[in-house]
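J.: next input, structure requested:
(4 chains)
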Number of protein chains: 2
Amino acid sequence: MTAKKNVISIVIVEDFKLTRVGLRCALNANVDLEVVAESDNAVDGLKLIEKYKPDVVLMDLGLPTMNGIEAMTKIREFSKDIKIIALTSHDRQEEVVAALSSGANAYCLKDIDPEKLAEVIRDVSIGVCWLDPVIANLALNSIPKVDDAALVGVSSANHVKIPLTERENEVLKHLVEGKSNTEIAKELIVSVHTAKAHVCSILQKMCVNDRVQAAVKAVKEGMV
Amino acid sequence: MTAKKNVISIVIVEDFKLTRVGLRCALNANVDLEVVAESDNAVDGLKLIEKYKPDVVLMDLGLPTMNGIEAMTKIREFSKDIKIIALTSHDRQEEVVAALSSGANAYCLKDIDPEKLAEVIRDVSIGVCWLDPVIANLALNSIPKVDDAALVGVSSANHVKIPLTERENEVLKHLVEGKSNTEIAKELIVSVHTAKAHVCSILQKMCVNDRVQAAVKAVKEGMV
DNA sequence: AATTCTATTAGACAGAAGGGTAATATTCTC
DNA sequence: GAGAATATTACCCTTCTGTCTAATAGAATT
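T.: Numbers count the residues shown, from 1 in each chain, chains lettered A, B, ... in the order given. Here you go, the predicted structure:
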């Protein structure tokens, strides 16, 4: 896999030079880790990765031109063996699931302890999936959709899509955002009576008793 | 959470006595880990878990009467803080996804190195998600299907755990189920005024305007 | 011992929710 | 063209929400 045995080769893709230098120093302090190349952008990073075929890639998600998620997808196009660790700061957690589904093997926040990062790299290099606590909470919540079928053991027909009209879907969207009937009416430029009428039929079609249940159901079943 | 500080309390649920003893010995060799209880079946295991409220549960998935996945679901019904490590010798994908979506925080094969397991327990106790290589391969493959929908769902950025009191968490749980203040009051055997008071403070703590927003936020952030 | 946090209850009040019924206009299908 | 589904508006009425103020009591902390 790499030139030397028992040494994990690493490519870093990260736009902030300081962070990049910090990572390299911290990692090269470990005899079993070796940063073989680094880049401040995804385009060059991809070339380096193709060239060096490292064991592990540290990929920043907040890159300028091409974002980290696209880059990961491209890496996966030519190799499934290269392990990817997605790096991010706390305020960019929206892309968690996207990153994981694009092929990231691990997800770390940038404030991770350097020694811990080394440990994670070792784990990931042998195929472990490692998710930072903050991320794990979000990621694990995105899986439940399959559990109903999986628990039963039979891959039965999953959740039945509830047939709402276009207008009702609009209303439902606002409803999930916690808006009142009055607010919904204003948004859709209709009277409160209309908004209430739509909410009523939504409740009936979704077989729930009130808007809270409708909102929860909508979120859980990904209707919004 | 536990008696001593800095010590991670553990409950083991595993049907093979030999494995159980092995686990206990291996783990208790670490000063920061303490096996507080163990069981050879899920029913007793659940009781022990409710009693000791450990930081981490090691749950075998191939249990006789109640299987580990059901057991995990039940654990999740009364606590979201207890971390669960699923242990197994199997590597069937259906089981993996089911285990993860039932609330497992980590997934280890039984041939894991004891020292590594200790390390995983430390990680998991602070919220890390850790998946064995064999498992990770399967699990990550099951995510892509949901990424589009999930991306929209996971929109909230700053994910700080909102500190609700025990009672408030109970109320929130009922609230998410769409129950009215009156119904919540009946469930908790308190007056409607009390229920309303709790709901009020929940709304304030969660920084939302009404129960719908609270419910949606709770679901999206996995507070229930 | 004093203070803070939590749980509990109460009364009152404006506003919102949800159900029922009903009418009108538009659009799409048969 | 007739009929069905959808969108719109209106009124009435009961119940529920969310906020306020206020008080009591136990537990935990300092």
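
J.: drop to CA atoms for contacts and neighbour counts, all remaining ones
T.: Noted.

J.: would you mind measuring from the residue sitting furthest away from the middle of chain A to B:A37?
T.: No residue in chain A sits farther from the centre than A:H193, which is 40.1 Å out by Cα atoms, centre = their mean. With distances taken as Cα to Cα, to the nearest Å, A:H193 is found 59 Å from B:A37.

J.: is any residue of the one helix or strand the residue farthest from the centre of chain A maps to near DNA strand D?
T.: Per DSSP states H and E, A:H193 falls inside helix A:192-205. Yes: counting by Cα under 7 Å from any atom of the strand, DNA strand D is contacted by helix A:192-205 at A:192-198.

J.: packing partners of that helix?
T.: Helix A:192-205 sits against helix A:166-176, helix A:181-188, helix A:211-220, with contacts defined as 3 or more Cα pairs under 8 Å, 6 or more residues apart in numbering or on different chains; DSSP states H and E.

J.: which of these sits most buried?
T.: Stretch with highest mean neighbour count among the helices and strands packed on helix A:192-205: helix A:211-220 (a mean of 23; mean count of other Cα atoms under 10 Å in any protein chain shown).

J.: so how far is that one off the chain centroid?
T.: Here helix A:211-220 is found 23 Å from its chain centre; the criterion is Cα atoms, centre = their mean, to the nearest Å.

J.: just the CA trace of that helix, in PDB.
T.: C-alpha atoms of helix A:211-220 as PDB (Å, rounded to 0.1, in the frame of the first residue of the first chain):
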ATOM      1  CA  ARG A 211     -50.400  20.000  14.500                       C
ATOM      2  CA  VAL A 212     -47.600  18.800  16.900                       C
ATOM      3  CA  GLN A 213     -48.100  15.200  15.900                       C
ATOM      4  CA  ALA A 214     -48.300  16.300  12.200                       C
ATOM      5  CA  ALA A 215     -45.000  18.200  12.500                       C
ATOM      6  CA  VAL A 216     -43.200  15.300  14.300                       C
ATOM      7  CA  LYS A 217     -44.500  12.800  11.800                       C
ATOM      8  CA  ALA A 218     -43.500  15.000   8.900                       C
ATOM      9  CA  VAL A 219     -40.000  15.300  10.200                       C
ATOM     10  CA  LYS A 220     -39.600  11.700  11.100                       C
END
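
J.: A:S125 touches A:D55, doesn't it?
T.: Yes: if you go by Cα atoms under 8 Å, A:S125 and A:D55 touch, sitting 6.3 Å apart.

J.: give the residues shared as contacts by these two.
T.: A:8, A:83 (Cα atoms under 8 Å, 6 or more residues apart in numbering or on different chains).

J.: so where do the helices sit in chain A?
T.: Applying DSSP state H to chain A gives helices spanning A:17-28, A:42-52, A:68-78, A:96-101, A:114-125, A:133-141, A:147-152, A:166-176, A:181-188, A:192-205, A:211-220.
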